[in-house]
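>>> Next comes the sequence, and after it the predicted model I'd like to discuss.
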Amino acid sequence: MALLTRLPKLAVLAALLAFPASVVATPAVAGQYPAADGTPVQAAAAPALPKTYPAAGELVWARVAARTSPDPKAPAIKIFRQFRWDYRLQVIFALGQRTGTDGRPWFNISVPMRPNGTMGWIPSASVALSPVHTAIEIHRASRRIVLYRGGKLVMRAKVAVGAPGRETPLGSFYVTARFVPDDPFLGVFALETSAYSKLTEWPGGGVVGIHGTDLPQLIGQAVSHGCVRVLNSTALTLKRLAPLGTPITIDDN
């Protein structure tokens, strides 16, 4: 298995215990949060806008629609919920902002879905963003991963990529989750990304990961189902230096 299909069972169980279903399912409408008795209560002041982009952070509304333009009446592309299916907080990645038709700021965001590269707009009040200072580059042809922090090179290493017909997708993505796998095949640490593989029928929808491996002899080859495999030593460096929201560029160099 090379695509990320699930998070560790213990992590999901811990999240379930930490976030009761009544809290997770509570909706927010038009920037309001219901009180315990169901009475709408005005949300707290909107988070401050980031000073630079790209920027990433977590939703502060229980749910929000990503729309085709910065307009509350524009068609919805995807509904984001504050808590994902695995009860982790939803991470949003923004490339910029614009004043919407409602006179308020909206963020231009990357929407993790098929097709890869889908972009959308959400109200800035729905999410707390901070500038991102790390970046990952994956060079598919040369099978290299490069990590930058504050614009400075901090790591370069070999990787394994998708096999012919299952190539690792090209494009711009970001880190959506981080975890220690309970499957030794995925190595000592894994990053879930916003990219989707060619294998649409794969369990979990074919989310592409960057993860360690228990088969280090295959590093440098095109052997995976679309994920990027790295040495466990590289995975530990990513654990230390690649936070949620880190942008990822995959090219064919």
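Everything's here; your move.

>>> ok, and the closest non-adjacent residue to residue 170?
If the residues on either side of it in the chain are set aside, residue 170 comes closest to residue 250, at 5.2 Å by Cβ to Cβ, 6 or more residues apart in numbering. Using the backbone N, CA and C atoms, a C-beta is placed for each residue, glycine as well.

>>> Just to check, the one you found is in contact with residue 169?
Yes - using Cβ atoms under 8 Å as the test, residue 250 is close enough to residue 169 to be in contact (6.6 Å).

>>> between these two, what contacts are shared?
Shared contacts of residue 250 and residue 169, defined by Cβ atoms under 8 Å, 6 or more residues apart in numbering, comprise residue 195.

>>> who's more crowded, these two?
Neighbours per residue, other Cβ atoms under 10 Å: of residue 250 and residue 169, the larger number sits with residue 250, 25 against 19.

>>> Does the more buried one have any beta-bridge partners, and if so which?
Beta bridges link residue 250 to residue 138, residue 171, judged by DSSP bridges.

>>> now it: how far from residue 59?
Noted for residue 250: a distance of 26 Å to residue 59, by Cβ to Cβ, to the nearest Å.

>>> for residue 172, same thing?
21 Å.

>>> More neighbours: these two, which one.
The neighbour count for residue 172 versus residue 59, taken as other Cβ under 10 Å, is higher for residue 59 (21 against 18).

>>> partner residues bridging the more buried one?
In this structure, residue 59 has the following beta-bridge partners (DSSP bridges): residue 127.

>>> just to revisit the earlier point, for the residue nearest to residue 170, what are its contacts?
Residue 250 sits in contact with 137, 138, 140, 168, 169, 170, 171, 172, 173, 195, where contact means Cβ under 8 Å, 6+ apart.

>>> Adding distance to residue 48 and pLDDT, write these out as TSV.
Output for the contacts of residue 250, formatted as TSV (distance: Cβ to Cβ, whole Å; pLDDT from 0 to 100):
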residue	distance to residue 48	pLDDT
137	29	98
138	32	98
140	37	98
168	36	97
169	34	97
170	34	98
171	30	98
172	25	98
173	26	98
195	30	97
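
>>> Now, of those residues, which are buried?
Among those, those buried by neighbour count (16 or more other Cβ atoms under 10 Å) are 137, 138, 140, 168, 169, 172, 173, 195.

>>> of all the residues you listed, which comes closest to residue 111?
Distances from residue 111 to the buried ones among the contacts of residue 250, taken as Cβ to Cβ, are shortest for residue 173 (11.0 Å).

>>> tell me which element residue 239 falls in.
Counting by DSSP states H and E, the element that carries residue 239 is helix 232-241.

>>> what's the angle from the longest strand belonging to the chain to helix 232-241?
Longest strand in the chain by number of residues, with DSSP state E as the criterion: strand 152-162. For strand 152-162 against helix 232-241, the angle between stretch directions is 130 degrees (axes from the mean of the first three to the mean of the last three Cα atoms, to 10 degrees).
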